[in-house]
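A.B. asks: test case, fold it:
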Amino acid sequence: MNSDISINVLYIDDEVYNLNAFKASFRMKFNIFTGESAEQGMKILEKENIHVIIADQRMPGMTGIEFLESVIPDYPDPIRILLTGYEDITAVIDAINRGEVYKYIRKPWNDDNLRINIEKAFEIYSLRKENKELIESLLIVNKQLQFLLRQNLL
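C.D. replies: Below you'll find the model as predicted:
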């Protein structure tokens, strides 16, 4: 992993203790942004270039799955991780299907395991971004080639 690149991680959880523990564990490795609600999370997404979004499943007002699903139309690129202290197979299936979740991680998290999953999520983010840029470049070259071919045929 390239240590020159800063990974921007947004963590949403209604429990302040969890937010503080997350910051304390990962602030030296990643740029951490936290919110106590889906609304705070959306405000952060509007201002920051977030690479990885982590959301707690059980929050008042909006579940983690609902939050992750709601950000897809406006912020499709960040890789999404669902973090929860409850084992609910329906939530896992919903997370994968509706929220396009990369990983489902149980609380309490293991710091090393969560760090590795954040780094892997960022690798996926980077590869997707690189693929989009390559496709855009290929489309431009394709248009240029088509133009040149038409010119030679006239």
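
A.B. asks: A strand includes Tyr102, no?
C.D. replies: Yes. Counting by DSSP: H, G, I helix; E, B strand; the rest coil, Tyr102 is located in a strand.

A.B. asks: okay, now it: neighbour count?
C.D. replies: By other CB atoms under 10 Å, 20 other residues sit near Tyr102. In this view, the C-beta of every residue, glycine as well, is placed from N, C-alpha and C.

A.B. asks: can you pull the pLDDT of the nearest residue to it once chain neighbours are set aside?
C.D. replies: Closest residue in space to Tyr102, ignoring its immediate chain neighbours: Ile79 at 4.9 Å, by CB to CB, 6 or more residues apart in numbering. pLDDT recorded at Ile79 is 97.

A.B. asks: what does Leu154 give?
C.D. replies: Looking at Leu154, its pLDDT reads 50.

A.B. asks: what do you get for Val92?
C.D. replies: Model confidence at Val92, given as pLDDT, is 69.

A.B. asks: Ser25 too?
C.D. replies: As predicted, Ser25 sits at a pLDDT of 95.

A.B. asks: swap in Asp88?
C.D. replies: pLDDT, Asp88: 68.
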